[in-house]
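Trainee: pasting a predicted model and its sequence here:
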Amino acid sequence: MIAEKQICISGGDKLSEINVNGTLVWYYTICRREVWLISHGITPDQDDSNMDIGRFIHEESYAREKKEISIGNVKFDILSEKDGYMMIGEIKKSSKYIESAKMQLAYYLLELKRSGIDGIGVLMFPKEKRREVVELTNELATKLAEIEKEILKICYEEEPEKPKKINFCRNCAYSEFCWS
């Protein structure tokens with residue numbers, strides 16, 4: 001599931017290296033327990049219908065665009081140049097998780113900026129025929145730097161926090177893991 005950067009696990013459950021990525025930023029804004037699970041190599045149910053739908057939408061939408069572009073340690077759904085800027089497109093199943101999607105995309109823009117590249121982001125919701133532009137502001141970059149620290153703190157904990165029922169649990173591919 002973590003495509004942008006790998007989290008290395010060695011010597012039992014000891015984390016040897018953690019690289020924050022867009023996926024962890026996405027999960028941080030939804031459920032911090034998921035951050036811990038992913039960082040410790042516990043993958044969600046790959047047969048979950050929501051994951052299947054997400055993969056299908058990603059594969060079938062925007063077929064003319066270049067997809068799955070890697071730059072350094074991050075992987076973008078769509079990358080193109082527009083008016084002297086790099087445009088990063090992120091394809092999502094729905095706008096239900098728009099805040100998480102915005103933060104994930106903003107993190108990609110921050111990583112580009114750290115590499116000396118200015119960019120603009122576009123969230124794409126093909127089922128809704130909707131797009132939303134995301135720009136990296138100084139305020140957002142500062143917030144993302146704090147989120148990176150919090151993610152690292154979570155990942156280095158010995159155990160995940162206890163599960164808490166939230167609205168997102170209903171469609172979560174970790175549901176069996178948390179509630180069995």
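Mentor: Received the coordinates, thanks.

Trainee: ranges for the strands of the chain?
Mentor: Along the chain, counting by DSSP state E, strands occupy 8-9, 15-17, 67-71, 74-82, 85-91, 119-125, 130-134.

Trainee: for Ala106, find the nearest of these.
Mentor: Ala106 lies closest to strand 130-134 among those, at 5.7 Å (Cβ to Cβ). In this view, the C-beta of every residue, glycine as well, is placed from N, C-alpha and C.

Trainee: report the separation between the two terminal residues of stretch 120-140.
Mentor: 13 Å (Cα to Cα, to the nearest Å).

Trainee: indicate which one of the strands of the chain is closest to Phe168.
Mentor: Comparing these by Cβ to Cβ, strand 119-125 comes nearest, at 17.3 Å.

Trainee: counting by contacts, list what the closest one packs against.
Mentor: If you count contacts as 3 or more Cβ pairs under 8 Å, 6 or more residues apart in numbering; DSSP states H and E, strand 119-125 packs onto strand 74-82, strand 85-91, helix 98-114, strand 130-134.

Trainee: tabulate the ones you listed (JSON lines), appending distance to Glu176, mean pLDDT and mean neighbour count.
Mentor: JSON lines is the format used below for the helices and strands packed on strand 119-125 (distance: least, Cβ to Cβ, whole Å; pLDDT from 0 to 100; neighbours: other Cβ atoms under 10 Å):
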{"stretch": "strand 74-82", "distance to Glu176": "27", "mean pLDDT": "79", "mean neighbour count": "18"}
{"stretch": "strand 85-91", "distance to Glu176": "26", "mean pLDDT": "86", "mean neighbour count": "20"}
{"stretch": "helix 98-114", "distance to Glu176": "21", "mean pLDDT": "93", "mean neighbour count": "21"}
{"stretch": "strand 130-134", "distance to Glu176": "32", "mean pLDDT": "95", "mean neighbour count": "14"}
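
Trainee: of the strands of the chain, which is nearest Lys164?
Mentor: Closest among the strands of the chain, using Cβ to Cβ: strand 15-17, at 23.2 Å.

Trainee: out of the strands of the chain, nearest to Lys102?
Mentor: strand 130-134 (5.4 Å).

Trainee: next, format the helices and strands packed on strand 119-125 as JSON lines and append distance to Tyr28.
Mentor: Converted to JSON lines, the helices and strands packed on strand 119-125 look like this (distance: least, Cβ to Cβ, whole Å):
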{"stretch": "strand 74-82", "distance to Tyr28": "16"}
{"stretch": "strand 85-91", "distance to Tyr28": "16"}
{"stretch": "helix 98-114", "distance to Tyr28": "8"}
{"stretch": "strand 130-134", "distance to Tyr28": "17"}
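
Trainee: which one of the ones you listed lies closest to Leu37?
Mentor: For Leu37, the closest of the helices and strands packed on strand 119-125 is helix 98-114, at 15.9 Å, according to Cβ to Cβ.
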